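>>> What follows is a predicted protein model with its sequence.
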Amino acid sequence: MLTNLEHLGLAVKDLEAATALYTKLLGQEPYKREHVASEAVDTVFFQVGGSKIELLAGTSPESAITRYLDKKPEGIHHVAFEVDDIRAEMARLRAEGFILLNEEPKQGADNKLVCFVHPKSANGVLVELCQSIQ
Ligand SMILES: C[C@@H](C(=O)O)C(=O)SCCNC(=O)CCNC(=O)[C@H](O)C(C)(C)COP(=O)(O)OP(=O)(O)OC[C@H]1O[C@@H](n2cnc3c(N)ncnc32)[C@H](O)[C@@H]1OP(=O)(O)O
Ligand SMILES: [Co+2]
């Protein structure tokens with residue numbers, strides 16, 4: 001089962017400008033900045049109640065974020081849900097006919113194992129599963 005709405009991922013062109021804007025909007029500073037080499041992204045995280053806002057900027061032309069922003073405007077890029085057992089949820093979703101974008105869980109930001117579900121199989125929304133690494 002997918003439990004908490006873990007984060008909303010927002011694709012941004014200028015990470016510093018977006019961080020300043022969200023700091024004003026949310027009335028608080030981000031709690032974390034992290035480069036995720038495997039995804040070629042720089043991230044900035046804000047805690048909002050039990051959930052988070054993840055600002056994402058691509059760091060290479062091949063980054064999913066750079067490719068996305070080549071075609072689309074800045075905005076919500078993905079919706080991430082928390083799971084207790086990512087391998088079990090991947091198997092369940094696969095059996096339900098969802099297309100997973102990685103065969104094995106991979107290292108995400110903020111101490112998480114993650115897996116992405118193709119937007120074509122999820123009503124046009126890129127979905128991320130996140131399991132906390134203890
Ligand atoms: C750090 C980590 C974390 O939180 O821990 C993160 O979040 S990293 C976040 C960044 N990493 C990721 O997103 C990894 C997973 N994403 C991917 O593998 C890719 O971005 C795909 C979603 C498969 C799309 O890549 P692809 O090369 O196929 O791009 P494409 O431009 O040809 O897109 C194929 C179709 O999918 C649509 N499409 C692409 N990205 C989309 C998105 N974010 N939401 C909704 N639709 C999307 C395009 O409009 C296009 O539709 P049409 O065919 O109708 O034109
Ligand atoms: Co994310």
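Perfect, I can see it now. Residues are numbered from 1 along each chain as shown. Ligands and ions are numbered 1, 2, ... in the order given.

>>> tell me what the worst-scoring helix or strand of the chain on mean pLDDT is packed against?
Across the helices and strands of the chain, mean pLDDT, DSSP states H and E gives its lowest value to strand 106-107, namely a mean of 94. For strand 106-107, the elements it packs on are strand 112-117, judged by 3 or more CB pairs under 8 Å, 6 or more residues apart in numbering; DSSP states H and E. C-beta coordinates here come from the backbone N, C-alpha and C atoms, glycine included.

>>> rewinding a little: so the least confident helix or strand of the chain, near ligand 2 or not?
No. Judged by CB under 5 Å from the ion, strand 106-107 stays clear of ligand 2, getting no closer than 11.6 Å.

>>> Other residues contacting that strand?
36, 38, 113-115 (CB atoms under 8 Å, 6 or more residues apart in numbering).

>>> mind listing what the residue in the chain sticking out farthest from the centre touches?
The C-alpha centroid of the chain is most remote from residue 95, which lies 23.0 Å away (CA atoms, centre = their mean). By CB under 8 Å, 6+ apart, the contact list for residue 95 is empty.

>>> separation between it and residue 89?
11 Å (CB to CB, to the nearest Å).

>>> What of residue 69?
29 Å.

>>> With residue 49 instead?
Distance from residue 49 to residue 89, by CB to CB: 23 Å.

>>> With residue 18 instead?
Applying CB to CB to residue 18 and residue 89 gives a distance of 30 Å.

>>> Identify each buried residue in the longest helix seen in the chain, please.
As assigned by DSSP state H, the longest helix anywhere in the chain is helix 15-26. Going by neighbour count (16 or more other CB atoms under 10 Å), the buried part of helix 15-26 is 15, 18-19, 22.
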